[in-house]
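K.L.:
3D, please:
(chains A and B)
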Amino acid sequence: MLRTQILPRKRKTVNKKPSPSRRAREIPIAPPRLDPRGEELFEVLKGVFPSGLKCEIGICIDIVTITVPKESLVQVCQLLKDAQNLSFDYLCSISVVDYEESEQRFEIVYHMVSLSTYYKVAVKTSVVSADPVLPTVTSVWRSAEWFEREGHDLFGVIFLGHSNLSPLLLYEGFDGFPGRKSFPFHDYQEW
Amino acid sequence: MQIHETENETDGSIDLMINMGPQHPSTHGVFRLVIWVDGERIIKSEPHIGYLHRGSEKICESEHYSQIVTLFDRMDYVGNLNSELAFCLATEKIMDVCVPERAEYIRVILCELNRVASHMLFYGVYGLDAGAMTPILYAFREREKIQNLFESVTGARMMHNYIRIGGVKENLPRDFQQRLHEVLEHLKRGIEECDALISKNEMFLARTKGVGAISGADAIDFGVTGPALRASGVVEDIRVTDPYSIYDRFDFNIPVGTYGDCWDRFYVRVEEMRESVKIIEQAARDLPEGDISAAVRRIVRPPKGEVFVRTESPRGDLAVFLVSDGTDTPYRVKVRAPSFANLQALEQMLQGAYLADAVLILGSIDLIMGEVDR
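P.N.:
Below is the predicted model of the structure:
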């Protein structure tokens, strides 16, 4: 007769050093590596903005970024669109990123592409949590209309001057902003 | 369909408000369109979306990178492999991973096949929109061959989950080259047959020529991309102008329309199928042996940073904005869906058109609601 014996599993008692927690791990930062077209744009951009305009040109991995305060956002966008050697005529997307712990909580990133020179650039601006208001860019590109509505819908960022900020993806009367990090992901009862 | 009457304040005439959808067979998903008409002409329209909003972007924030590929499958559920590719490219870019040659070629072959399958579906459904029953039978016959090939490679007909970060899931089956050759031969004949069946049909031309036209400048301003933009005469294809993967190695043309009307949008897609077949033939000829995946860990932790990757999906510019904070889940994923932006231009296209053409104009954008609502 076959008998199987189940032995109690012995717990290994090895004194292991506690592994470094995820927070303690040093987080590497991706280095910038611009393609030739990006480098060309980086050089061109230096001469475009007038000296009075507050903006910071940087590089984020493979894309040139322009960080601007929200007051000069529309001016910068219009300048990027109208400048002869740039002509960013196509707004690709507007993304809102919620940096919950930061003071400048919402970062709004505008990605735009030029269909004549094929440059691409990211314009960044940020707003504080208490006053998430910034001007609309619908006067520059009409495609911003729905992108901004989506940002307002999911993150509660208000785009001043937008003609219609009614809910786009959510239904009328939805309570809260589901894109935000603070919105409960689990245990959320909708009905 | 619901109809409401309101009195026009300016001239006392009566405008009709017609509600189309969200449960309407020709809206290609759950999409509601409110139209105001003056007689037969559309004077105003208002698209309502969001019926399929699943919060995919939010779900991405709590999943591992490798798990997100499945979510991208379900965004553009007709061009699955193309959306998978967009996310994998973004992750690879942030991690600076070099994908093996063979994997790149497999990706291109499958993505282009997927593009043909997607355009075939458009071709068939557009025929239905125009009131022709036959095209969809022809289109599905062709599409079935591609789906069968996909099944033999990826194991699934629709939700493939085949393209992985750093390469592809598994190697091609042994008889792939032969099967691909058969499918391509079949496709080439099929595309010509489909083209001959409806493209130059007098009734079809009468329904689509000059209907729902949009100028190139307007299309760019509205953020229209892909075949819909090229139909308006703008030469823009991300595979050529900002090449990703290995698209710079292939020789193909960019089909461009003239007037930006429904027929141009239709025919650009038919032409694009021919170009895709060309790309597949070149890629299959050069397909090298070797690894199919780079050495990437199952749970990847990309370095901190942000990337923005644009790809040419069957519907247009599918871009992924990925923010990584150095952990195993992304901090933010934003998908720039081509259908979402293309749909914005619908109002402009419908302006002044006949009510009977509304369905045709809507169909010519080739919407995928899964992608619009995410």
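K.L.:
Might you list the low-confidence residue ranges for the chain?
P.N.:
Defaulting to chain A. Confidence mapping of chain A against pLDDT under 70 gives the ranges A:1-25, A:188-191.
K.L.:
ah, no, chain B please
P.N.:
Along chain B, the model assigns pLDDT under 70 to residues B:1-14, B:27.
K.L.:
Can you pull up the most central residue in it?
P.N.:
Among the residues of chain B, the one closest to the centroid is residue B:315, at 2.8 Å (C-alpha atoms, centre = their mean).
K.L.:
Now do the contacts for that one.
P.N.:
Residues in contact with residue B:315 (C-beta atoms under 8 Å, 6 or more residues apart in numbering or on different chains) are B:76, B:79, B:118, B:225-227, B:338-339, B:342, B:366, B:368, B:371. For glycine as for every other residue, the C-beta is placed from the backbone atoms N, C-alpha and C.
K.L.:
Where helices are concerned, which of these count?
P.N.:
Using DSSP state H, the members of these that fall in helices are B:118, B:227, B:338-339, B:342, B:371.
K.L.:
If you tally nearby residues, what's the number for the closest residue to chain A within the stretch 51-200 of chain B?
P.N.:
When distances are taken as C-beta to the nearest C-beta, the stretch 51-200 of chain B approaches chain A most closely through residue B:53, which lies 4.5 Å from it. Residues lying near residue B:53 (other C-beta atoms under 10 Å in any protein chain shown) number 18.
K.L.:
Identify each buried residue in stretch A:126-138, please.
P.N.:
For stretch A:126-138, the buried set under the neighbour-count rule, 16 or more other C-beta atoms under 10 Å in any protein chain shown, comprises A:126-127, A:129, A:132, A:134-138.
K.L.:
Now flag whichever of the residues you listed is closest to chain B.
P.N.:
Nearest to chain B, judged by C-beta to the nearest C-beta, of the buried residues of stretch A:126-138 is residue A:138 at 10.5 Å.
K.L.:
The closest one against residue A:165, yeah?
P.N.:
No. Counting by C-beta atoms under 8 Å, no contact exists between residue A:138 and residue A:165, whose distance comes to 10.8 Å.
K.L.:
Quickly list what's touching both of those two.
P.N.:
For the pair residue A:138 and residue A:165, residues contacting each of them under the criterion C-beta under 8 Å, 6+ apart are A:148, A:159.
K.L.:
which residues of the stretch 101-250 of chain B fall in helices?
P.N.:
B:101-130, B:134-154, B:176-194, B:202-208, B:216-221, B:227-230, B:238-241 (DSSP state H, counting those that start in this stretch).
K.L.:
Make TSV out of those and add distance to residue B:70 and mean neighbour count.
P.N.:
What follows is the helices of the stretch 101-250 of chain B, written out as TSV (distance: least, C-beta to C-beta, whole Å; neighbours: other C-beta atoms under 10 Å in any protein chain shown):
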stretch	distance to residue B:70	mean neighbour count
helix B:101-130	16	24
helix B:134-154	12	18
helix B:176-194	24	16
helix B:202-208	37	16
helix B:216-221	33	20
helix B:227-230	27	30
helix B:238-241	24	18
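K.L.:
quick one: which of the ones you listed is nearest residue A:115?
P.N.:
Between residue A:115 and the helices of the stretch 101-250 of chain B, the shortest separation by C-beta to C-beta is 6.2 Å, and it involves helix B:216-221.
K.L.:
count of neighbours near residue 87?
P.N.:
Since you didn't name a chain, this refers to chain A. 15.
K.L.:
not quite, I wanted chain B
P.N.:
Close neighbours of residue B:87, defined as other C-beta under 10 Å, add up to 27.
K.L.:
Wait, a helix at it?
P.N.:
Yes. Assigned with DSSP: H, G, I helix; E, B strand; the rest coil, residue B:87 falls within a helix.
K.L.:
Tell me where chain A has strands.
P.N.:
Secondary structure of chain A, counting by DSSP state E: strands at A:56-60, A:63-67, A:90-98, A:106-113, A:120-127, A:133-135, A:158-160.
K.L.:
Of those, give the one that comes closest to chain B.
P.N.:
Chain B lies closest, by C-beta to the nearest C-beta, to one member of those: strand A:90-98, at 3.7 Å.
K.L.:
what pairs with residue B:44 across the strands?
P.N.:
Following DSSP bridges, residue B:44 is listed with bridge partners residue B:36.
K.L.:
Might one say that it is in contact with residue B:36?
P.N.:
Yes. The pair residue B:44 and residue B:36 qualifies as a contact (C-beta under 8 Å) at a distance of 4.2 Å.
K.L.:
Neighbour count: those two, which is higher?
P.N.:
Using other C-beta under 10 Å as the criterion, residue B:44 and residue B:36 rank with residue B:36 on top: 17 against 14.
K.L.:
Spell out which parts of the stretch 1-150 of chain B neighbour chain A.
P.N.:
Applying the criterion C-beta under 8 Å from any C-beta of the partner chain, the portion of the stretch 1-150 of chain B that neighbours chain A consists of B:49-50, B:53, B:55, B:57-58, B:61-62, B:93-94, B:96.
K.L.:
Mark which of the residues you listed are buried, thanks.
P.N.:
Buried members of those, counted by 16+ other C-beta under 10 Å: B:49-50, B:53, B:55, B:57-58, B:61, B:93-94.
K.L.:
any idea how far residue B:148 is from residue B:180?
P.N.:
From residue B:148 across to residue B:180, the span is 11 Å (C-beta to C-beta, to the nearest Å).
K.L.:
go on, residue A:68?
P.N.:
Distance from residue A:68 to residue B:180, counting by C-beta to C-beta: 50 Å.
K.L.:
Run the chain-centre distance for the helix or strand hosting residue B:58.
P.N.:
Using DSSP states H and E, the element containing residue B:58 is helix B:56-60. Distance, stretch centre to chain centre, for helix B:56-60: 20 Å (C-alpha atoms, centre = their mean, to the nearest Å).
K.L.:
and that helix, what other elements does it pack with?
P.N.:
Under the contact definition 3 or more C-beta pairs under 8 Å, 6 or more residues apart in numbering or on different chains; DSSP states H and E, helix B:56-60 sits against helix B:65-73, strand B:332-336.
K.L.:
Flag every residue of the stretch 201-350 of chain B that's near chain A.
P.N.:
B:220-223, B:234, B:236, B:241-242, B:302-308, B:310, B:317, B:319, B:321, B:323-327, B:331-332, B:334, B:336, B:340-341, B:343-344.
K.L.:
Apply the buried test to these and list what passes.
P.N.:
Restricting those to buried positions leaves B:220-223, B:234, B:236, B:242, B:302-308, B:310, B:317, B:319, B:321, B:323-324, B:326, B:331-332, B:334, B:336, B:340-341, B:343-344, with burial counted as 16+ other C-beta under 10 Å.
K.L.:
Relative to the whole chain's centre, how far out is stretch B:122-139?
P.N.:
Put simply, stretch B:122-139 sits 17 Å off its chain's centre (C-alpha atoms, centre = their mean).
K.L.:
ok, residue B:360 - contacts?
P.N.:
Residue B:360 is in contact with B:126, B:129-130, B:207-208, B:211-212, B:262, counting by C-beta under 8 Å, 6+ apart.
K.L.:
how near is it to residue A:149?
P.N.:
Taking C-beta to C-beta, one finds residue B:360 at 27 Å from residue A:149.
K.L.:
Check residue B:338 too.
P.N.:
17 Å.
K.L.:
what do you get for residue B:182?
P.N.:
According to C-beta to C-beta, residue B:182 and residue A:149 sit 48 Å apart.
K.L.:
So which residues of chain A form helices?
P.N.:
For chain A, the helices defined by DSSP H occupy A:36-46, A:73-82, A:144-155.
K.L.:
can I get the ones you listed in JSON lines with distance to residue B:87 and mean neighbour count?
P.N.:
Output for the helices of chain A, formatted as JSON lines (distance: least, C-beta to C-beta, whole Å; neighbours: other C-beta under 10 Å):
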{"stretch": "helix A:36-46", "distance to residue B:87": "22", "mean neighbour count": "15"}
{"stretch": "helix A:73-82", "distance to residue B:87": "28", "mean neighbour count": "19"}
{"stretch": "helix A:144-155", "distance to residue B:87": "19", "mean neighbour count": "24"}
